[in-house]
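I need the structure of the sequence given here:
(2 chains)
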There are 2 protein chains.
Amino acid sequence: MIEHPFYNQAVHGPYALYDVGDLVLEDGGVIPAASLAYATFGRLNQRRDNAILVPTWYAGSSKIFETAYIGAGRALDPARWFIIVVNQLGNGLSSSPSNTPLHDRATFPRVRIGDDVQAQHRLVTGKFGISRLALVTGGSMGAQQTFEWSVRFPDMVARAAPFCGTARTTDYNRLCVGLLADANMSDPAWRDGRYDTSDDVHVGLRRHANRLAVMGFSAEFYRRELWRGLGFSDLAGFLSGFLEAFMLPMDPNDLLCMAWKWQHADVSRHTGGDLGAALGRITAKTFVMPIDQDMYFPPQDCEIEQQMITGSQLRILRSPFGHTACVGIDPDWMAQFDHHLSELLAIPA
Amino acid sequence: MIEHPFYNQAVHGPYALYDVGDLVLEDGGVIPAASLAYATFGRLNQRRDNAILVPTWYAGSSKIFETAYIGAGRALDPARWFIIVVNQLGNGLSSSPSNTPLHDRATFPRVRIGDDVQAQHRLVTGKFGISRLALVTGGSMGAQQTFEWSVRFPDMVARAAPFCGTARTTDYNRLCVGLLADANMSDPAWRDGRYDTSDDVHVGLRRHANRLAVMGFSAEFYRRELWRGLGFSDLAGFLSGFLEAFMLPMDPNDLLCMAWKWQHADVSRHTGGDLGAALGRITAKTFVMPIDQDMYFPPQDCEIEQQMITGSQLRILRSPFGHTACVGIDPDWMAQFDHHLSELLAIPA
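Just a heads-up that it's a prediction; the model follows:
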């Protein structure tokens, strides 16, 4: 792998690397010697039945998830659970355009949610010898991977908690994500992916930040100036100090790899396009958890899918932070999440 | 004025031109021999008390409004009312970057909602000798002008029906509009406004269309594939045949002129920033009419302002077409609008 100034252990570690081997992709092509970066918390018990798998969201990492969700007294308590947070392909830590020699940058193949789950399956079974996960949970693109796990390997998923995401990307959501992708691609410095360093594409990355500013939060977030609670004294300071600072270190081709994957998530690929049939395969105890003010994944889109999952429950969480609540910036939302997840984890499965 | 291949009588007429004279602008600068394009329907009665003024919305024209809202048996019935639909400055028909010699293109001065209302006041009083309007109504940027009229000239506005818009642009809304402006400005062919013809900026205009696609409608619109009702058999056809076809003939600098004006609408400029004091000046019988699924102007933002207007009423209209319902593509919404507007027009004022 190529060392990157942002996607590294100093910023996102510690994490381990698992050699997946050559990963043959659903859309053709292969990632040779594919690598998954993952971090674990807690200890796998002797019966190997206390494992929880968490795939990451768009522009996220195992570190961001750990910081927001894992801790003593939390639903995800390492004293009780063995938690594996696995970075999705394309996020800069696992195999990605930014770190894959010969297959880097514009030549990195197209990756699907199913490729992630296939690679993660090797990690879970090959590295840890786990045959059944107590829980798979993830937000946004992490929810897409959670659904994929539950449909593809129903016997391996005892419980599932997909939040702020759907099993099949809707037309509306695909258009939303298109605006994120266009942010980078509209920058001439992107050069069809052939820029020298991601800094060259800073205009595109700033645009990307501005788009997250609009749809990643909510009208109420701005009306109540909730950015003040994040440590900013004016709106311009929040936009630059929070959102641009978040996006600027990232790699545009990595983001585009994930954005394409996000746009094409679809568990019904297993059932010839029949979403009900795909979701009908799920046997996990499932809580589907949208956010009431999420502009990317409106609760109704989540509810439609939830109703196709036998015995599942819809738990709508409330946050004026909208979609971005899931990164852990709204303590009230985090408390709701922990409450519901604890309830799910207490259900025998 | 310069003849334009799209902004002309063949496409948007018939309309008349009113010579406003030199228009000194709030932010400095002047539009010499400023011109307002307007169309009238019905006849002004002898008492001159049946006049209705309608300012246009962003990227709209008097023709679009006429087609959707005016007709026999409608709330806006020319048999009963004298309706003046006036094109806002910058829309390509009234004085705009695209049609103003010496002040064209990138050198056109910044125009505010207050400048529009000042120019329209000259039209209403100077051309028609009207001292009191039975109604001012408009959607989106038309609502901004309606509020400005009601605050600035309270004695002249008997009734007001601002719909899908606010009196002061919120931070959230300003960010939304920023994405529209950025669509054109991000196209290198825009050249800081110094392109030769608007066709040169077709990439930016297509981007603009894609952004309207996301926030101009709603998740439900795409979930239910309501674009089928607009005559399209697939989503790609709708995006190109409806939205791109709508945007491509327009002039980027005209759009940017309007977008800046939209972002800076604020009736509280009259009261040192005190919105309650500004809206407290309104004496018109006022119905504030947001759309439940409007992503640009969420109903709550409208309700906050409505509660500052003495004796006003909030009438929330329902449409899965979101903000774009106001262009007249949702018959159910149009029926709701007519119902409420008829009720307002029946109130003695």
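
going forward, measure contacts and count neighbours with C-alpha atoms only.
OK.

distance between the ends of stretch A:287-305?
Start and end residues of stretch A:287-305 are separated by 11 Å (Cα to Cα, to the nearest Å).

Check stretch A:286-301 too.
Start-to-end span of stretch A:286-301 (Cα to Cα) is 16 Å.

which parts of it are buried?
By 16 or more other Cα atoms under 10 Å in any protein chain shown, the buried positions in stretch A:286-301 come out as A:286-299, A:301.

OK, contacts around the residue nearest the centre of chain A?
Centrality entry for chain A: nearest residue to the mean C-alpha point is A:W57, 1.6 Å, by Cα atoms, centre = their mean. Applying Cα atoms under 8 Å, 6 or more residues apart in numbering or on different chains, one finds that A:W57 lies in contact with A:88, A:138-143.

follow-up on the earlier one: which pair in the buried residues of stretch A:286-301 spans the largest distance?
Spatially, the most separated pair among the buried residues of stretch A:286-301 is A:T286 and A:M295, at 22.7 Å (Cα to Cα).

For chain B, see how far away A:L175 is.
Distance, A:L175 to chain B, by Cα to the nearest Cα, to the nearest Å: 6 Å.

Ok, A:S312 next?
A:S312 is 22 Å from chain B, by Cα to the nearest Cα.

just A:S150 next, same as before
24 Å.

Can you tell me, leaving aside adjacent residues, what's nearest to that residue?
With sequence-adjacent residues excluded and distances taken as Cα to Cα, 6 or more residues apart in numbering or on different chains, A:S150 is closest to A:I282, at 5.5 Å.

Could you give the number of residues near that neighbour?
By other Cα atoms under 10 Å in any protein chain shown, 27 other residues sit near A:I282.

Spell out which parts of chain A neighbour chain B.
Contact residues (Cα under 8 Å from any Cα of the partner chain) of chain A with chain B: A:170-173, A:175-176, A:179, A:186-188, A:210-211, A:213-214, A:218-219, A:222-223, A:298.

Just to be careful, could you list which of the residues you listed are in helices?
The helices, defined by DSSP state H, take in A:171-173, A:175-176, A:179, A:210-211, A:213-214, A:219, A:222-223 from the residues of chain A next to chain B.

Just the buried ones among those, please.
When those are checked for burial by 16+ other Cα under 10 Å, the buried set is A:171-173, A:175-176, A:179, A:210-211, A:213-214, A:219, A:222.

Shouldn't A:L89 be within a strand?
No: counting by DSSP: H, G, I helix; E, B strand; the rest coil, A:L89 falls outside a strand, being coil.

how far away is it from A:M258?
In this view, A:L89 and A:M258 are 8 Å apart by Cα to Cα.

intersection of neighbour lists for those two?
A:V111.

Show me the longest strand that occurs in chain A.
What stands out as the longest strand in chain A, according to DSSP state E, is strand A:30-41.

Sheet-wise, list the partners of that strand with their directions.
Here strand A:30-41 is paired, per DSSP bridges, with strand A:16-24 (antiparallel), strand A:82-86 (antiparallel).

Could you pull up the mean pLDDT of the very next helix or strand once past it?
Moving toward the C-terminus from strand A:30-41, the next helix or strand (DSSP states H and E) is strand A:51-55. The pLDDT scores in strand A:51-55 average 98.

so how far is strand A:51-55 from its chain's centroid?
Computed by Cα atoms, centre = their mean, to the nearest Å, the chain-centroid distance of strand A:51-55 equals 12 Å.

now it and strand A:30-41, what's the angle there?
Counting by axes from the mean of the first three to the mean of the last three Cα atoms, to 10 degrees, strand A:51-55 lies at 130 degrees to strand A:30-41.

Going along the chain from strand A:51-55, find the next helix or strand for me.
Downstream of strand A:51-55, the first helix or strand assigned by DSSP H and E is helix A:62-69.

Just the angle for that next one relative to strand A:30-41, thanks.
Using the same axes, to 10 degrees: helix A:62-69 against strand A:30-41 is 30 degrees.

Dump helix A:62-69 to CSV, restricted to CA.
C-alpha atoms of helix A:62-69 as CSV (Å, rounded to 0.1, in the frame of the first residue of the first chain):
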residue,chain,number,x,y,z
SER,A,62,-13.3,2.9,12.1
LYS,A,63,-11.8,5.6,14.3
ILE,A,64,-14.8,8.0,13.8
PHE,A,65,-17.2,5.2,14.7
GLU,A,66,-15.2,4.1,17.7
THR,A,67,-15.1,7.7,19.1
ALA,A,68,-18.8,8.1,18.8
TYR,A,69,-20.3,4.7,19.6
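
Okay then, goodbye and thanks.
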